[in-house]
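>>> Pasting the sequence and the predicted coordinates here, then a few questions.
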Amino acid sequence: APARRRARRGARFLIHLVADLHQPLHAVDDDDRGGNEIRIYLQGRRTNLHQLWDTGMVEALGRDMGRIAADIERNTSPAQRKAWQAGSPASWADETHAMARDRIYPMVGGRRALHLSPAYMRAEIPATRQQLAKAGIRLAGLLNTTLR
């Protein structure tokens with residue numbers, strides 16, 4: 001039983017690590033604690049940039065996680081799967097850092113508070129879906145390699 005508990009803890013850690021490697025605000029710090037110090041106002045709600053990308057963007061995909069996973073599975077080509085599994089966790093973190101640097105932070109423009117419209121969320125859904133797809137495919141590859 002202790003060995004089984006350690007294996008479960010190890011699996012949870014690996015899942016969490018791979019997921020975090022694909023969350024853009026976990027891979028960058030612009031002297032704002034990974035977006036935690038940038039206030040976001042969206043549809044009358046106040047949050048911060050980190051929280052928006054940590055949960056808000058994923059929730060914007062919908063509530064049915066099974067459907068979201070099936071859509072990702074159906075819309076990911078074998079060539080994409082192969083390309084995404086290449087590299088290392090360090091290169092995946094570099095890729096995610098570049099996404100935050102090139103896609104998210106230019107819209108921040110050094111401000112500490114932003115008012116965002118629902119259009120921002122809609123525009124970022126494809127990037128969010130792709131990050132989830134990469135995380136899942138890369139995790140599956142790591143598990144397949146490790147558990148052989």
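Looks like it came in fine. Numbering: from 1, shown residues only.
>>> going forward, measure contacts between C-alpha atoms and count neighbours the same way
OK.
>>> could you point out where this structure is predicted with low confidence?
Scanning the chain for pLDDT under 70 picks out no residues.
>>> Quick check, central residue of it?
residue 23 (3.0 Å; CA atoms, centre = their mean).
>>> Please verify my assumption that that one contacts residue 52.
No - contact criterion CA atoms under 8 Å: residue 23 and residue 52 do not qualify, at 10.6 Å.
>>> Now for these two: what residues contact both?
Residues touching both residue 23 and residue 52 by CA atoms under 8 Å, 6 or more residues apart in numbering: none at all.
>>> burial measure for residue 145, as a count.
Neighbours of residue 145 under the rule other CA atoms under 10 Å: 9.
>>> if I look at it, how far off is residue 88?
Distance, residue 145 to residue 88, by CA to CA, to the nearest Å: 13 Å.
>>> and if you look at residue 50?
Distance of residue 50 to residue 88, computed by CA to CA: 24 Å.
>>> When these two are compared, which one has more neighbours?
Using other CA under 10 Å as the criterion, residue 50 and residue 88 rank with residue 50 on top: 22 against 12.
>>> count of residues packed around residue 12?
11.
>>> biggest helix in this protein, by residue count?
helix 118-146 (DSSP state H).
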